[in-house]
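Chemist: need a structure here:
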Amino acid sequence: MVYRSCRHRVYPNQKQEKLFKQYLGHSRFIHNNIIGEIEYNRRIANIFHSRAPYVNNKYMESIFNYLREWYSFIDDLDINTMQACYKPVLQAYDNFFKRGFGHPKFKKKYQSSQSVKINNINNRIHVKKYGKLYWRPLGWINLKGYRPEITGKIKHIRIQQKNSQWFIIIVYDSLLPEHFPKTGKEVGIDLGVKTLATLSDRKAKATLKLNEIEAKIKKTQKNLKRKKQGSRHYQKP
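Modeler: From the prediction side, this is the model:
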């Protein structure tokens, strides 16, 4: 059994888009406040030459419960999703302390890409074969370009905003693919410039249309040059 994922563009209505933004905003709020609380306690411990609290799951959960007491709006949304928001922070600190990765960073409201993970607890999320996803707070939403590929249980979904576009990423169980039977035949591959690959049995050829690709790159760079660097239009695809 392996996990597979598929990513689909969605076009939420006003109510659904408001819900998406609430989940992203709450997730960002929890993420930033947990990092802020950890860094504050580390600075205080450094000033008084004492030992800072050990960053583990129990410590993260205590900070989350403290935030729930002070900010009641956290409970307005699905509490399981909100509770899972500190998991990436825990992983980031684990990578920072044990593996030498960069320091955990705060999330920005207007960064080009944001996402929030929603676990499928008690099979509350499901997809119909003709490409509609259901989740109770969200209702039904169409998945653009959906193919009947989800055959196993959905583990979780991820709501993603990339610039002004919305996507839903679905992670689901899938069986390992069966191996192709051995034929005992051999084939040679010749790589070239005009023709990317030519097989010895002359049954398949592949070419790259470099002229079209270079023209598209040139046009994209020209449009990008006209935009102000760092602006929201500059970040758009």
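
Chemist: what's the weakest-modelled helix or strand in the protein?
Modeler: Here the helix or strand of the chain ranked lowest by mean pLDDT, DSSP states H and E is strand 205-206, holding a mean of 66.

Chemist: Tell me who's in contact with N80.
Modeler: Counting by Cβ atoms under 8 Å, 6 or more residues apart in numbering, N80 touches 119, 121. C-beta: built from backbone N, CA, C; applies to glycine.

Chemist: What strand or helix carries it?
Modeler: helix 79-83 (DSSP states H and E).

Chemist: Tell me the buried residues in that helix?
Modeler: Buried residues in helix 79-83, counted by 16 or more other Cβ atoms under 10 Å: 81-83.

Chemist: just these now: which is nearest N142?
Modeler: Lowest distance from N142 to the buried residues of helix 79-83 (Cβ to Cβ) belongs to T81, with 22.0 Å.

Chemist: The closest one and H156: what is the separation?
Modeler: Distance, T81 to H156, by Cβ to Cβ, to the nearest Å: 10 Å.

Chemist: so how far is R158 from Q14?
Modeler: Relative to R158, and taking Cβ to Cβ, Q14 is found at 22 Å.

Chemist: and the two? which has more neighbours close in?
Modeler: It is R158, of Q14 and R158, that has more neighbours when counted by other Cβ atoms under 10 Å, with 15 against 7.

Chemist: And what about that one, helix, strand or coil?
Modeler: Three-state assignment for R158 (DSSP: H, G, I helix; E, B strand; the rest coil): strand.

Chemist: Any regions of this protein where pLDDT drops low?
Modeler: Scanning the chain for pLDDT under 70 picks out 194, 203-210, 230, 232, 234-237.

Chemist: Quick test: name the residue nearest the centre of it.
Modeler: S115 (5.5 Å; Cα atoms, centre = their mean).

Chemist: In contact with that one, which residues?
Modeler: Counted by Cβ under 8 Å, 6+ apart, S115 has contacts 24, 158-161, 169.

Chemist: Mark which of the residues you listed are buried, thanks.
Modeler: By 16+ other Cβ under 10 Å, the contacts of S115 give 24, 159-161 as buried.

Chemist: Out of the residues you listed, flag the one nearest to G100.
Modeler: Q160 (28.4 Å).

Chemist: ok, back up a step: among the contacts of S115, find me the one that's closest to A45.
Modeler: L24 (32.1 Å).

Chemist: does that closest one count as helix, strand or coil?
Modeler: helix.

Chemist: so it sits right up against Q114, yeah?
Modeler: Yes. The pair L24 / Q114 is scored as a contact, 5.1 Å apart, by Cβ atoms under 8 Å.
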